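Q: output the structure for:
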Amino acid sequence: MMVSVEALKGLERRLQVSVPASRVEQQVDKRLLNVSRTARIKGFRPGKAPIHVVRKHYGAQVREEVVGDLIRETFAEAVQREQLVPAGGPRIEPLAADKGGDLKYAATFEIYPKIVLTGVAGMELIRPKASVAEADVDAMLESLRKQRPEFVPVDRPAVDGDRLTINFEGKLDGEPFEGGKAEGHQFELGAGRMLKDFEEGVRGATAGETRSFDVAFPDDYPAKNLAGKTAQFAVSVTAVEETKLPEVNDEFCKAFGIEEGGVEALRAEVRDNMERELSQAVRGRMKTQVMDKLLAANPLDLPTVLVEQEIRDMQLETLRRMGARSARQLPPREPFEANARRRVALGLLLNEVIRSASIQVDAAQVQARLEEMVAGFDDPESARKQYVENEGAMRQLQMMVLEDQVVDHVVGKANVTEQLAAFKDIMNFGAAEASEDRG
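A: Numbers count the residues shown, from 1 in each chain. Here you go, the predicted structure:
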C-alpha cells in the first residue's frame, strides 16, 4: 500500500492511498467464495453454483462492498502509519477502482493540533480568602424577609414600593388593542415592570381613584403594532398596599422548613448554605483563572469540524430550553462561535493535561461531590438515588470531578497568592438590591 500526505490549509490534510490490485482481488475472491456457499441461483441447488456463475451474478455487488470496506480499512492503516489523528470523518474522493487495477482514493480531513503545554508550572494565581460573618448571615436573613413580603392596605397616595391592584383599558385612536385590557392586575410601583408613562400616570393615586392618561410606547417595543405609538389608558385603582416585611420568628422559620430550633436553627442552616456556596464560588474563581491562563499560554489552531459541532450542540441546547422542536427554528450560529471556540480549545488543553499527568477520575471525589450536590435538596436521599440511577447524570458528574482534578493539578504547580475578600464581594451578594435602590 502506497500513501502520500499533503498539508492543506490549517489542520486539513489530504491523504492519497493506493491499494495493490492483488489485495483487492484477493478480498473479492474470498468474499465470492463465501457467497457461493449459500447463493441461490436459478438452475442450481443452493450453494452448488460454479464460482464463475456466482461471479457473474454477484461480482459487481461484491466488488463494490469490498472497495468500501478496503477504503475504511486502509484509511485507518494509513493514518496510523503517518501518525495522524483525524478530528472528524474524511471526505473520500475515489480516484481509481477498475477491475484488475489498483484501488486509488484521496481522503481529506482535519487533524487534532499537536499540543506542547506551556504556562502550567509557576502559573500566577490569586485565591480569594473569605469567611461568612454574622453580618453576612444578617444580610441573608434580610434578603429572605424580602422574599416573603406582607401587603397591608393603606389609605394614602401610592408611592414607590407600594403594590397596586388596578383595572385598565388602553386604546389607540379610540380603538381597543390586543393586550391593552386587564382586571385585577397587580404590580409594584417603581419597580420598572410597567412603562414609565404608565407608572407616572398612577403614581400618587389612592384606592378607588380613576385616572386617564397617555402612554408612549418606545420604538423598540416588542409588539410591532404598538412600537413608537401613543395610547390612551383609563385606569381604576382598586387597592394600594404597602410592603411590610415579616418578623424573623418561629413562624417565619417554619416557612423555610425549620420546625424545631427556631431562629438559631435557621441561622445555622443559612450559614451552612452560605459557606457551601462560598466554597463553590472560590473554587469557581480559581477554575476560571486556570482556564483563562491555559488559553492565553497555549493558543491553538482548532479543527473546524469540532467548532461547528460545538456550535450545533449549543444551538440545539438553546432550542431545547426555548421549548421548540423543529431544527428550522435554530438560532443563528454567530452568537455561539466565540464560546464554542473557547470550549473546544479548553477541551483539547484539558485532555492534554489529563494525558500528560496520567490523571484518572477519583471515585472518592465523585462521591464527595455527589453528597455536596444533594445536600441542598429537601430530600437528599431521594436526590442521591436519582443521580446514581441515571448513567448520563453520573457520567457528567464524573467529568466535572475530572475537570476539578485538572484544576487542582495545575493549582498544585502554580504560585498562589491569597487575597482577603468579603463574602458579599465574592458572591456579588446585594448587588441586585443596590441596583434596584439606585433605580
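
Q: for the longest helix along the chain, which helices and strands make contact with it?
A: Secondary structure of the chain per DSSP state H: the longest helix is helix 262-297. Helix 262-297 sits against strand 124-129, helix 134-147, helix 250-255, helix 334-357, helix 391-413, helix 423-427, with contacts defined as 3 or more CB pairs under 8 Å, 6 or more residues apart in numbering; DSSP states H and E. To be clear about C-beta, it is placed using only N, CA and C from the backbone, and glycine gets the same treatment.

Q: and those as a markdown table, adding distance to T165 and mean pLDDT?
A: As requested, the helices and strands packed on helix 262-297 are arranged in a markdown table below (distance: least, CB to CB, whole Å; pLDDT from 0 to 100):
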| stretch | distance to T165 | mean pLDDT |
| --- | --- | --- |
| strand 124-129 | 45 | 95 |
| helix 134-147 | 20 | 93 |
| helix 250-255 | 24 | 90 |
| helix 334-357 | 40 | 95 |
| helix 391-413 | 44 | 93 |
| helix 423-427 | 35 | 91 |
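
Q: ok, back up a step: state the mean pLDDT of the longest helix of the chain.
A: In this model, helix 262-297 carries a mean pLDDT of 94.

Q: for the helices and strands packed on helix 262-297, give me CSV that also has mean neighbour count and distance to G180.
A: Converted to CSV, those look like this (neighbours: other CB atoms under 10 Å; distance: least, CB to CB, whole Å):
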stretch, mean neighbour count, distance to G180
strand 124-129, 14, 50
helix 134-147, 15, 32
helix 250-255, 15, 37
helix 334-357, 16, 33
helix 391-413, 16, 46
helix 423-427, 18, 42
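
Q: wait, which of the ones you listed is closest to G170?
A: For G170, the closest of these is helix 134-147, at 31.4 Å, according to CB to CB.

Q: sketch out the low-pLDDT regions of this protein for me.
A: 430-439 (pLDDT under 70).

Q: give me that answer again for 80
A: 323-329, 376, 378, 429-439 (pLDDT under 80).

Q: okay, domains of it per the record?
A: Domain ranges of the chain: 2-110, 124-138+261-438, 150-244, per automatic domain parsing.

Q: okay if I get those as TSV plus distance to V116?
A: Shown next, in TSV, are the domains of the chain (distance: least, CB to CB, whole Å):
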stretch	distance to V116
domain 2-110	15
domain 124-138+261-438	8
domain 150-244	50
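
Q: among these, which comes closest to D250?
A: Closest approach to D250 among these (CB to CB): domain 124-138+261-438, 5.0 Å.

Q: hmm, back to that, how about JSON lines for the helices and strands packed on helix 262-297, with distance to R23 added?
A: Listed next are the helices and strands packed on helix 262-297 as JSON lines, based on distance: least, CB to CB, whole Å:
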{"stretch": "strand 124-129", "distance to R23": "56"}
{"stretch": "helix 134-147", "distance to R23": "73"}
{"stretch": "helix 250-255", "distance to R23": "78"}
{"stretch": "helix 334-357", "distance to R23": "35"}
{"stretch": "helix 391-413", "distance to R23": "41"}
{"stretch": "helix 423-427", "distance to R23": "65"}
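
Q: and the ones you listed: which comes nearest T238?
A: If we rank the helices and strands packed on helix 262-297 by CB to CB, the stretch that ends up nearest is helix 134-147, at 24.8 Å.

Q: who are the packing partners of the helix or strand following that closest one?
A: Using DSSP states H and E, the helix or strand that follows helix 134-147 in sequence is strand 150-153. Applying 3+ CB pairs under 8 Å, 6+ apart, we find strand 150-153 packed against strand 230-244.

Q: report how many residues lie close to the closest residue to R40 other than its chain neighbours.
A: Distances taken as CB to CB, 6 or more residues apart in numbering place P46 nearest to R40, at 5.1 Å, with adjacent residues excluded. Taking other CB atoms under 10 Å as the criterion, the count of residues near P46 is 10.

Q: quick one, phi psi at P46?
A: Per-residue torsions, P46: phi -50, psi 130 (degrees, to the nearest 10).

Q: tell me the angle the helix or strand containing Q367 makes with helix 262-297.
A: Assigned by DSSP H and E, Q367 belongs to helix 363-374. If you take axes from the mean of the first three to the mean of the last three CA atoms, to 10 degrees, helix 363-374 sits at 130 degrees to helix 262-297.

Q: buried residues, helix 363-374. List them.
A: Q365, V366, R369, L370, M373, V374 (16 or more other CB atoms under 10 Å).

Q: OK, contacts around the nearest residue to L330 once chain neighbours are set aside?
A: Spatial nearest neighbour of L330, chain neighbours left out: Q315 (4.7 Å); criterion: CB to CB, 6+ apart. For Q315, the contacting residues are L330, P331, R333, F336, by CB atoms under 8 Å, 6 or more residues apart in numbering.
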